[in-house]
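**Q** predicted model and sequence follow; I will ask about them next.
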Amino acid sequence: MSDKTHASSSVRWARFRFQVVGPLFVEPPAAGMLVQALDELASRSYEHPTKPGVRVQFSRSAIERWFYAARNATGDPVGKLARKVHAHAGTHPTMSAAVEDALTKQHRAHPSWTYQLHYDNLVALAKKQPELGTVPSVATVRRFMKRRGLLKVRKPRRRRGQPADEPVFEARERRSFEVGHVHALWHADFHVGSRRVVEPDGTYSQVVLLGFLDDASRIACHVQWYREESAEAFVHGLQQALQKRGMPRALLTDNGQSMQAHEVHEGLERLGIVHPTTLPYCPEQNGKQESFWGRVEGRLLPMLEGERELTLARLNQATQAWVELEYHREVHSELGMTPLERMLQGPSASRPSWSSDKLRRAFRMEVQRTQRRSDGTLTVAGVRFEIPSRYRVLLRPVVRYARWDLSTVDLVDERHGTHLATLLPLDKTANATGARRVVEPVSPPGVVDDPYVGVAPLLEALMEDYAATGLPPAYVPLAESTDEPKSTDTTPEETHES
């Protein structure tokens, strides 16, 4: 009579006892035949209710007590057959309040101690402080601590590569999560593969796998192998994932340098994609992505062991075929269906992707530079770019560029961010031909109907105000040339009275 449910021991015993005396209720014995029926039940062997494989027998008196208890029960005969809860259940009579308080304070000060270590220190403390009284057994101390939640707390480990001066994060509970909408959250990460590839020069090099995984459906939005982990590779793979599956609402990454580049941050902001990150040195927070790497290492790469001269292109071809035809079409243990079926089942939070050109321009960092008025150029990352003559009025133009691609730079509007022109690097050889455009005025001059002639209004007003003072001109005009000889003596003549 094994009870394969997860019921408690008390409930299992109650059900077992009722099954033993059950025949007496199905076919009540005739008058005077109860003892014979009880003897027959006592002669049988039964499977132990809590120990599978063990056979037990019970006395007639025990079965008789069970029978009368079930018959006299009102409403719940099975519950009447359960073992009674001890009056001190959940309490610890042997532990005084002083011992409980001392043990609680001791655990608060040393949460990483074992139960045995807590007990030994409690015994030593009781010897120094007799007022604590008698310390119970170590088993009682262990039960008390478990029921009060005074469990052993492991010290946070310092992760590999974590700087010594960086604080260790406080231990927090961990919960598995899954968003309700497809393409509401993507996971992204790089993985260093265990297989090396052959380069064109015959050497071998390590490669990394970039993957974008949908949280709800586990769809691999895009996976691709690269020679190194960089912001350029991340943006290159992300653009393909966006054009394959549409734009998600959020993209979860770690704090890697390639995923924290300015181009990535600004590009995701322009696309309206939230960019949360995991805690530093906590890769388990991106566990779905880590699980996917296990599938790659456990199934994909072993099937390429016979490929001795594996190239990067060959590896990418094999990866795409494996993802689309096996991974997407294999039943996922947690989903209960294939990732492809889960994606098609929805609901989806995806948005249409931008064009390739708009995506390329989105993932660029925005800076402000000073235009050289002498030749109409500006400098970005040590490279000079020519600005069209019509934008020569922009003293501090705003440009966007990707540090890995300086073949072009986008000139954008400072206020709205709209694209104005594509700037090319300065070509001095082409400028040496001497061909030059005529510089047109910024605003064409209009026809003046009544052009102003004469002294400017401000100066005319000053002259009128000065004349109103009545003072003579504060200067001596130079005499004009005549036929009479000029006198150089400017002293006034003296008048002599006779």
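**A** Thanks, I have it. Residues are numbered from 1 along each chain as shown.
**Q** next, count neighbours for the residue nearest to Glu440 when sequence neighbours are not counted.
**A** Nearest residue to Glu440, sequence neighbours excluded (Cβ to Cβ, 6 or more residues apart in numbering): Ser389, at 7.8 Å. No exception for glycine: its C-beta is placed from N, CA and C like everyone else's. Neighbour count for Ser389, taken as other Cβ atoms under 10 Å: 14.
**Q** from start to finish, how long is stretch 52-64 in a straight line?
**A** 25 Å (Cα to Cα, to the nearest Å).
**Q** nope, stretch 209-220 is what I meant
**A** 12 Å.
**Q** likewise for stretch 317-336?
**A** End-to-end distance (Cα to Cα), stretch 317-336: 28 Å.
**Q** so who does Thr104 touch?
**A** Arg148, Leu150 (Cβ atoms under 8 Å, 6 or more residues apart in numbering).
**Q** what's the answer for Asp189, then?
**A** Counting by Cβ under 8 Å, 6+ apart, Asp189 has contacts Leu210, Gly211, Thr253, Asp254, Asn286, Gln289, Glu290, Trp293.
**Q** and it, which of the three is it?
**A** strand (DSSP: H, G, I helix; E, B strand; the rest coil).
**Q** give me the number of residues near Leu315?
**A** If we define neighbours as other Cβ under 10 Å, then Leu315 has 22 of them.
**Q** I'd assumed it was in a strand, is it?
**A** No. Counting by three-state DSSP, Leu315 is not found in a strand; it is helix.
**Q** hmm, it is touching Trp225, no?
**A** Yes. Proximity of Leu315 to Trp225 meets the contact threshold set by Cβ atoms under 8 Å, at 5.3 Å.
**Q** shared neighbours of those two, anything?
**A** What both Leu315 and Trp225 touch, as defined by Cβ under 8 Å, 6+ apart, is the set Val197, Val207.
**Q** Validate this expectation: Gly287 resides in a helix.
**A** Yes. If the criterion is three-state DSSP, then Gly287 is within a helix.
**Q** not counting sequence-adjacent ones, nearest residue to it?
**A** Ser176 (7.9 Å).
**Q** just give me the neighbour total for that neighbour.
**A** 7.
**Q** try Gly79
**A** Count around Gly79 with other Cβ under 10 Å applied: 13.
**Q** what's the answer for Ser291, then?
**A** Neighbours around Ser291, by other Cβ under 10 Å: 12.
**Q** measure it to Ala97 for me?
**A** 49 Å (Cβ to Cβ, to the nearest Å).
**Q** contacting residues for the residue nearest to Glu440?
**A** Gly376, Arg437, Val439, Glu440.
**Q** make CSV out of these and add distance to Pro473.
**A** Output for the contacts of Ser389, formatted as CSV (distance: Cβ to Cβ, whole Å):
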residue, distance to Pro473
Gly376, 50
Arg437, 52
Val439, 45
Glu440, 47
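**Q** in ChimeraX, how would I select just the buried ones from those?
**A** Only the buried entries of these go into this ChimeraX selection, using 16 or more other Cβ atoms under 10 Å:
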select :376
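**Q** for the contacts of Ser389, work out which two are farthest apart.
**A** Gly376 and Glu440 (13.8 Å; Cβ to Cβ).
**Q** make TSV from the contacts of Ser389 and add distance to Arg351, pLDDT and secondary structure to it.
**A** Output for the contacts of Ser389, formatted as TSV (distance: Cβ to Cβ, whole Å; pLDDT from 0 to 100; DSSP: H, G, I helix; E, B strand; the rest coil):
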residue	distance to Arg351	pLDDT	secondary structure
Gly376	40	88	coil
Arg437	43	78	coil
Val439	45	74	coil
Glu440	43	71	coil
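**Q** double-check that Leu117 belongs to a strand.
**A** No. Counting by three-state DSSP, Leu117 is located in no strand; its state is helix.
**Q** what's the closest non-adjacent residue to it?
**A** His110 (8.0 Å).
**Q** what pLDDT does the one you found get?
**A** Looking at His110, its pLDDT reads 90.
**Q** and what of Ser2?
**A** 44.
**Q** cool, Phe234 as well?
**A** Looking at Phe234, the pLDDT reads 96.
**Q** i'd like the first residue to be 801 from this point on
**A** Happy to do that; since the first residue is 801 now, the last one works out to Phe1034.
**Q** next, count neighbours for it.
**A** Counted with other Cβ under 10 Å, residues neighbouring Phe1034 total 25.
**Q** Val1167 versus that one, what's the distance?
**A** 20 Å.
**Q** can you show me the strands along this structure?
**A** Secondary structure of the chain (DSSP state E): strands located at 846-847, 855-856, 985-998, 1004-1014, 1020-1026, 1050-1052, 1165-1168, 1177-1180, 1183-1186, 1198-1202, 1205-1212, 1219-1223.
**Q** so which of these is nearest Gly1098?
**A** strand 985-998 (10.6 Å).
**Q** the closest one pairs with which strands, and in what direction?
**A** Paired neighbours of strand 985-998 in the sheet (DSSP bridges): strand 1004-1014 (antiparallel), strand 1050-1052 (parallel).
**Q** what about the chain, any weak spots by pLDDT?
**A** For the chain, the stretches with pLDDT under 70 are 801-806, 885-891, 956-972, 1241-1252, 1281-1298.
**Q** C-alpha coordinates for the lengthiest helix in it, PDB please?
**A** Secondary structure of the chain per DSSP state H: the longest helix is helix 809-826. The C-alpha trace of helix 809-826 is given here as PDB (Å, rounded to 0.1, in the frame of the first residue of the first chain):
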ATOM      1  CA  SER A 809       4.300  11.100   7.100                       C
ATOM      2  CA  SER A 810       1.200  11.700   9.300                       C
ATOM      3  CA  VAL A 811      -1.100  11.800   6.300                       C
ATOM      4  CA  ARG A 812       0.400   8.600   4.900                       C
ATOM      5  CA  TRP A 813      -0.100   6.800   8.100                       C
ATOM      6  CA  ALA A 814      -3.800   8.000   8.300                       C
ATOM      7  CA  ARG A 815      -4.500   6.800   4.800                       C
ATOM      8  CA  PHE A 816      -2.800   3.500   5.500                       C
ATOM      9  CA  ARG A 817      -4.800   2.800   8.600                       C
ATOM     10  CA  PHE A 818      -8.000   3.600   6.900                       C
ATOM     11  CA  GLN A 819      -7.100   1.200   4.100                       C
ATOM     12  CA  VAL A 820      -6.500  -1.500   6.600                       C
ATOM     13  CA  VAL A 821      -9.800  -1.200   8.400                       C
ATOM     14  CA  GLY A 822     -11.700  -0.200   5.200                       C
ATOM     15  CA  PRO A 823     -13.000  -3.800   4.500                       C
ATOM     16  CA  LEU A 824     -14.800  -3.700   7.800                       C
ATOM     17  CA  PHE A 825     -16.900  -0.700   6.600                       C
ATOM     18  CA  VAL A 826     -17.400  -2.100   3.100                       C
END
